[in-house]
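Peer 1: just the structure for this:
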Amino acid sequence: MDLFSDIQAYVFDVIRASVPKLNLDDAFEQKNEIARAVEEELEKAMSAYGFEIVQTLIVDIEPDEHVKRAMNEINAAARLRVAANEKAEAEKIVQIKRAEGEAEAKYLSGVGIARQRQAIVDGLRDSVLGFSVNVPGTTPKDVLDMVLITQYFDTMKEIGASSKSSSVFIPHGPGAVRDIAAQVRDGLLQAAPLQ
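Peer 2: Reported below is the predicted structural model:
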């Protein structure tokens, strides 16, 4: 009796019965369970010959080189997939935060414009009332015409001073300014009954 080859045959028999039921990853994870099965089988078979099996160890599982390469490719692909998901999630967060920032900026801009317009209206009202009281013979219409003409010239100055805006040329002169003031005033007066 060749004891070594008999033991080897029993070990291979148990491994052939156990390992094919597992996928390769599980085989690596369940080395202890496979070793226990080998130990139990050897204990049964070798006790008849007077041997006691104390412990069996599975030191390493050595798959075929093609299988190793395939496993490495699977692991690499899985890691790439996780990395791509993480990158996409990070980009999504950046886009959401950017959109939230833009929404907040637009809201605050709207609040600022509303406050600015309210301040302009309050200032115009106070100016018209103050000017009408302090300068006898002027009407609120005269004061409003003067304010409109001042704003017109301020606007023309801004258009001409800005290098990044397109210039808009509006016919002007003493008659044209009177016409513009009349058009703005008429527009305001016509809009008033609609409110």
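Peer 1: quick one: low-confidence parts of this protein?
Peer 2: 1, 163, 165-178, 187-195 (pLDDT under 70).
Peer 1: mind redoing it with 50?
Peer 2: 195 (pLDDT under 50).
Peer 1: okay, and residue 110 sits in which element?
Peer 2: helix 65-134 (DSSP states H and E).
Peer 1: show me what secondary structure element comes after that helix.
Peer 2: Counting by DSSP H and E, what follows helix 65-134 is helix 140-161.
Peer 1: and that next one, what does it pack onto?
Peer 2: helix 65-134, helix 174-194 (3 or more CB pairs under 8 Å, 6 or more residues apart in numbering; DSSP states H and E). For glycine as for every other residue, the C-beta is placed from the backbone atoms N, C-alpha and C.
Peer 1: list just the one of these that sits closest to residue 38.
Peer 2: Nearest to residue 38 among those is helix 65-134; the distance by CB to CB comes to 21.6 Å.
Peer 1: ok so, going back, make a markdown table from the helices and strands packed on helix 140-161 and add distance to residue 141 and mean neighbour count to it.
Peer 2: Below are those laid out as a markdown table (distance: least, CB to CB, whole Å; neighbours: other CB atoms under 10 Å):
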| stretch | distance to residue 141 | mean neighbour count |
| --- | --- | --- |
| helix 65-134 | 9 | 11 |
| helix 174-194 | 8 | 11 |
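Peer 1: output these in a markdown table; the columns should cover distance to residue 44.
Peer 2: Putting the helices and strands packed on helix 140-161 into a markdown table (distance: least, CB to CB, whole Å) gives the following:
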| stretch | distance to residue 44 |
| --- | --- |
| helix 65-134 | 31 |
| helix 174-194 | 102 |
